[in-house]
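> Build me a structure from this.
(chains A and B)
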There are 2 protein chains.
Amino acid sequence: MARTKPNTFTKYASFIGQKMTQLGFIGLGHMGMPMALQLSQQFSVIAYDQNPQACTEFRNLGGQDAPSLEAMLENVHVVISMLPNGRILMSVYQEIIGLIPKHALLIDSSTIGPLASLEWHAMAKQHGFRSVDAPVSGGVKAAKEGRLSFMLGGSTENIEAAKTYLQPLGKNFIHTGDAGSGQAAKICNNLVLANTMIAVSEAFALANRLQLNPQKLYEVLKTSSGNSWVIENYLPVPNLLKDVPAENDYQAGFSGTMMLKDLKLANEAAKHLEQNLKLSQSSQDIYQDMIDQNQGDKDFSYIYQLLADN
Amino acid sequence: MARTKPNTFTKYASFIGQKMTQLGFIGLGHMGMPMALQLSQQFSVIAYDQNPQACTEFRNLGGQDAPSLEAMLENVHVVISMLPNGRILMSVYQEIIGLIPKHALLIDSSTIGPLASLEWHAMAKQHGFRSVDAPVSGGVKAAKEGRLSFMLGGSTENIEAAKTYLQPLGKNFIHTGDAGSGQAAKICNNLVLANTMIAVSEAFALANRLQLNPQKLYEVLKTSSGNSWVIENYLPVPNLLKDVPAENDYQAGFSGTMMLKDLKLANEAAKHLEQNLKLSQSSQDIYQDMIDQNQGDKDFSYIYQLLADN
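Modelled structure (predicted):
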C-alpha cells in the first residue's frame, strides 16, 4: 500500500496536539524521575513529589513541577503514578480522586501487587474513571533509555489509550489481561528474577571456592542451560560485564529493599491463594538477611558479595 | 590469506585417517547412546555397556558393540566414558586401567563433580595416561543433534587432542581450566538450572492462582528480566513450547533423579569447602520431595505439576 509522507505542517500539528495533552505525573523517585523526563520530551508534563528536593531536581533537569497535587491536577488528561507501594498509592488517591478532571485516564506504574491494584481499579471505577495498571520491568537504565517493558492490565480500549502516552517510555507493551493482571505478571516476573539472582550468585560463590575462573563460568553459563537475563545483563560478579551495579560498588539499580518488597508481594499473594512457594520463601529469607545486615540500600545483586564473604 | 580447497584425495585420506582412529565408548544410557552413535558416523567406535539390552539397542541402531570391556579396549586410541556417577566411573576404571593401551587419551563426560574427577585424573596420571574431564550440557536432544556444550578440564595440549574426537558432538567447547574444572563448571551450571526451573515453575503456579493467562506470563518473562534458557527452551508448562517434556507427559529428558544427583554434587562440594548455599539447599529438598512422591523418573520440569497440583 502507498503511504503518504506527512508534510511538515501535519507533523507540527500532531506535535502541537501531543504538547496540548496535559500529563500529571506523581512520584519522582529512581524510576519516576527518568520516566517523567522522557515523557516531557513528547508531552506537556507536570510532575509532583511530596519530597521538595525531588521536585527541584526535576526542575533542574528541565522538567516542570507543581507546588501541590491540587495544582498538578488542574486540566490534566492523564494521571500517571509511580509510587513505592500500594498503601502510599491508595492514600494519595484518596486525597486526589475528587480533584481529578472528568474523563481523565488513570495509569498506575507502581509495583503494588494484584490485590492492592484491584482496590485501586475499584476506586477509579467508582468515581467514573478509566484505569490501567501498567507496572514496568527493566530498571533505571531502561527507564532512561525509553526501553522499559510494560505489563498492562485493563480493558483493550483503555490499554490502547494508555499506550499512546506510554510509547516514549517502552519497547515492549504486553496486554496481560483484565484489571490487575499487569501487577500479577510483574510480581511473577520479579519472583523469577529474585530467585535467579541468588542462584547465579550461589554458582559463582561456589566457583570461587572451587578455584574456577569466573570468566570461564560466565562463558559456560552464557552458552548452556544456565543462561538467563541475569547472566547476560545483570551479572552480580565484578569484572565481567560493563554497566552493571557490580562494577559500581553495587549502587542501586534496584535495591535489595525493593526486591524484598516485590518478593513479599508475590509470597503474600501466594499465601492468600493457598499456593505454597518454598523456593521463593527461601529467597525472601535471603534478601531479608541482606536488609538485616544493613545492606538494603545496595543493589539486590549485592547478594553475591554476601555469599562470597561468608 | 589464500586457502587451498582440499581435493577429493586429501578428503578421502583424512576420512580414512579418522576411521582408523579407534574409539572405545563406555556407557550407553540416555546420553551415551546418542553420543556413541554420532561418533560412529565419523570414527571407528566400539561401545560397551554392562546392560546387554543397551548393547543390543546400539547394535540395532547401526553401532558396533564389544562383548566385554576387555574386548572393547583392544587397540583403542581414545576411551570416552559416560557413566551415572563417580563411584561407578572409579570402579569401572579400577577394572580397566591396566588393560588400556599405552598412549591412549582418556575422556570422561560423566557428571561426577570436581572432587571425584580429581581422583579419576590422579589415577590416570599415575598410570601414565593423558586425561580430560569433559562433562556436557544440553540434554538428550542436543546429544542427538550434535549440539552439546562441552566444559573441558585439563592441560591445553590434552584438551586440543580431546576436541578432535568430540567435535561431532558439540557446538561449544570451553576450556574451563585445569583438571576437574570442567566438572566444577558443570555442577555450577546445573545448580543454576535446578533453581531456575523451580523459580519458573513457582511463577507459573502463582499465575494460575491469579488467573493470569500462562501465554501472557510467557510473553512477559521472555521480554523482561525474568528471561532464561528455561523460558526459551525448556518451559515446564504445557501448551506453550514445542518439543519440551511438558508436551510429552514429562518423559525425561533429564529426570528429577538426575537433577537431584547433580544438585547434591554441588551442595556436597559447597559443604566440603564451607560455602553456604541456602537457596540450592531448598531446591535440593524440593527435588527430593519429587523423588519421595515416586516421580523421580519423570523429567525434572515435572516440578511445575507438583506445584500446580498442591
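
> how about the helices in chain A?
A:8-20, A:32-40, A:52-60, A:69-73, A:86-96, A:113-126, A:139-145, A:156-166, A:181-209, A:214-222, A:229-233, A:256-272, A:278-292, A:303-309 (DSSP state H).

> Reformat those as CSV; add distance to A:Ile174.
For every residue, glycine as well, the C-beta is placed using N, CA and C. CSV is the format used below for these (distance: least, Cβ to Cβ, whole Å):
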stretch, distance to A:Ile174
helix A:8-20, 24
helix A:32-40, 18
helix A:52-60, 29
helix A:69-73, 29
helix A:86-96, 22
helix A:113-126, 15
helix A:139-145, 15
helix A:156-166, 10
helix A:181-209, 7
helix A:214-222, 26
helix A:229-233, 16
helix A:256-272, 18
helix A:278-292, 22
helix A:303-309, 28
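
> Just give me the lowest mean pLDDT stretch among these.
Set side by side, the helices of chain A give their lowest mean pLDDT on helix A:8-20, at a mean of 55.

> Look up the closest residue to the most centrally placed residue in chain A, ignoring the ones flanking it.
The centre of chain A sits closest to A:Val136, judged by Cα atoms, centre = their mean, with a distance of 3.8 Å. Nearest non-adjacent residue to A:Val136, counting by Cβ to Cβ, 6 or more residues apart in numbering or on different chains: A:Leu148, 4.3 Å away.

> ok, the one you found touching A:Val140?
No. Look at A:Leu148 against A:Val140 with Cβ atoms under 8 Å: they stay out of range, at 10.1 Å.

> Comparing those two, which shows the higher neighbour count?
A:Leu148 (27 against 17; other Cβ atoms under 10 Å in any protein chain shown).

> Please state the offset of stretch A:247-260 from the chain centre?
14 Å (Cα atoms, centre = their mean, to the nearest Å).

> ok, and for it, which residues are buried?
Buried residues in stretch A:247-260, counted by 16 or more other Cβ atoms under 10 Å in any protein chain shown: A:Tyr250, A:Ala252, A:Gly253, A:Phe254, A:Ser255, A:Gly256, A:Thr257, A:Met258, A:Met259, A:Leu260.

> surely A:Glu219 meets B:Ile174?
Yes. Between A:Glu219 and B:Ile174 there is a contact at 5.2 Å, judged by Cβ under 8 Å.

> So between those two, which is more surrounded?
It is B:Ile174, of A:Glu219 and B:Ile174, that has more neighbours when counted by other Cβ under 10 Å, with 22 against 19.

> so what's the more buried one up against?
Residues in contact with B:Ile174 (Cβ atoms under 8 Å, 6 or more residues apart in numbering or on different chains) are A:Lys216, A:Glu219, A:Val220, A:Thr223, B:Ser149, B:Phe150, B:Met151, B:Leu152, B:Ala185.

> Point out the residues in the stretch 51-200 of chain A that sit beside chain B.
A:114, A:137-139, A:149, A:151, A:172, A:174-177, A:181, A:184-196, A:198-200 (Cβ under 8 Å from any Cβ of the partner chain).

> Can you add distance to B:Leu241 and give the buried residues of stretch A:247-260 back as TSV?
Listed next are these as TSV, based on distance: Cβ to Cβ, whole Å:
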residue	distance to B:Leu241
A:Tyr250	35
A:Ala252	34
A:Gly253	31
A:Phe254	28
A:Ser255	34
A:Gly256	33
A:Thr257	35
A:Met258	31
A:Met259	28
A:Leu260	31
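
> closest to chain B among those residues?
A:Phe254 (8.9 Å; Cβ to the nearest Cβ).

> Could I get the contacting residues of that closest one?
With Cβ under 8 Å, 6+ apart, A:Phe254 has these contacts: A:Gly139, A:Val140, A:Asp299, A:Phe300.

> Nearest residue to A:Cys55 in space, ignoring adjacent ones along the chain?
The nearest residue in space to A:Cys55 (Cβ to Cβ, 6+ apart) is A:Asp65, at 4.2 Å.

> Which residues does the one you found form beta bridges with?
A:Ala47 (DSSP bridges).

> Quick one: residues contacting it.
Taking Cβ under 8 Å, 6+ apart, one finds A:Leu28, A:Ile46, A:Ala47, A:Tyr48, A:Asp49, A:Cys55, A:Thr56, A:Phe58, A:Arg59 in contact with A:Asp65.

> And for A:Ser117?
A:Gly86, A:Asp108, A:Asp133, A:Gly153, A:Ala179, A:Gly180, A:Gly182, A:Gln183.

> Could you do A:Leu307 as well?
By Cβ under 8 Å, 6+ apart, the contact set of A:Leu307 is A:Ser201, A:Glu202, A:Ala205, B:Gln275, B:Asn276, B:Leu277.

> Just the buried ones from those residues, in PyMOL syntax?
Remark: buried members of those, expressed as a PyMOL selection using 16+ other Cβ under 10 Å:
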select buried, (chain A and resi 201+202+205) or (chain B and resi 275+277)
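
> which among the contacts of A:Leu307 gets closest to A:His121?
Using Cβ to Cβ, A:Ser201 comes nearest to A:His121 of the contacts of A:Leu307, at 36.5 Å.

> ok, that closest one - contacts?
A:Pro236, A:Ser301, A:Ile303, A:Tyr304, A:Leu307.

> about what we covered before: are any of the contacts of A:Ser117 buried, and if so which?
Buried among these (16+ other Cβ under 10 Å): A:Gly86, A:Asp108, A:Asp133, A:Gly153, A:Ala179, A:Gly180, A:Gly182, A:Gln183.

> Pull up the gap between A:Gln50 and A:Pro114, please.
Taking Cβ to Cβ, to the nearest Å as the measure, A:Gln50 and A:Pro114 are separated by 26 Å.

> Also A:Leu37?
Applying Cβ to Cβ to A:Leu37 and A:Pro114 gives a distance of 29 Å.

> The two - which one has more neighbours?
A:Pro114 (27 against 19).

> The lengthiest strand in chain A pairs with which strands, parallel or anti?
As assigned by DSSP state E, the longest strand anywhere in chain A is strand A:170-177. Here strand A:170-177 has these sheet partners by DSSP bridges: strand A:148-153 (parallel).

> Quick one: work out the angle between the partner strand and helix A:181-209.
Counting by axes from the mean of the first three to the mean of the last three Cα atoms, to 10 degrees, strand A:148-153 points 140 degrees away from the direction of helix A:181-209.

> and strand A:148-153, how far from the chain's centre?
9 Å.

> Over to stretch A:61-74?
22 Å.

> May I see the buried residues of that stretch?
The neighbour-count check on stretch A:61-74 (16+ other Cβ under 10 Å) flags A:Gly63, A:Asp65, A:Ala66, A:Leu69, A:Met72, A:Leu73 as buried.

> And stretch A:81-98, by the same measure?
For stretch A:81-98, by 16+ other Cβ under 10 Å, it's A:Ser81, A:Met82, A:Leu83, A:Pro84, A:Gly86, A:Ile88, A:Leu89, A:Met90, A:Val92, A:Tyr93, A:Ile96.
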